[in-house]
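Participant: what's the 3D shape of this:
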Amino acid sequence: NDKFDRIITAHFASPITASPSLFANAFEHLSQNATSESLSSALPPITCQDWSTLDSLNSFIGDNKLGAPVVYNYKAGCKDINE
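Facilitator: Now for the predicted structure:
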C-alpha cells in the first residue's frame, strides 16, 4: 500500500497531483476484469475541443512524417463543453 500525492513524469508538465487510487485507475484497462463500461464510467468525458487539439497534433505528426498517425474519429462520442 504505497502512499504518494504526486507523480513526476519524464515529459510534459510535472509533477502531476495524483493519489494511489487515481494512479491505479489510469492502468485499469490492463486488468483482465476491466470492461469498457467500467473504464468509461471512471473517467470524465473528453471534450470535442480536446479531441480537436489531439487530432491536429496527430495531423502534424503524419504530415511531417514524424511517426505513424492514429486513425480515429475524434468527434464520435466527445462531449461539447457548451452543452
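Participant: spit out the contact partners of residue 17.
Facilitator: Contacts for residue 17 (C-beta atoms under 8 Å, 6 or more residues apart in numbering) come out as 5-6. C-betas here are computed from N, CA, C, even on glycine.
Participant: how close does it get to residue 66?
Facilitator: 30 Å (C-beta to C-beta, to the nearest Å).
Participant: now residue 23
Facilitator: Residue 23 sits 29 Å away from residue 66, going by C-beta to C-beta.
Participant: those two: who's more crowded?
Facilitator: Legend: neighbour count by other C-beta atoms under 10 Å for residue 23 and residue 66, higher for residue 23 (13 against 9).
Participant: got a list of what that one touches?
Facilitator: Residues in contact with residue 23 (C-beta under 8 Å, 6+ apart) are 4, 7.
Participant: mind doing that once more with 7 Å?
Facilitator: residue 7 (C-beta atoms under 7 Å, 6 or more residues apart in numbering).
Participant: what about it, helix or strand, and which?
Facilitator: Using DSSP states H and E, residue 23 falls within helix 20-26.
Participant: okay, buried residues for that helix please.
Facilitator: Within helix 20-26, no residue counts as buried by 16 or more other C-beta atoms under 10 Å.
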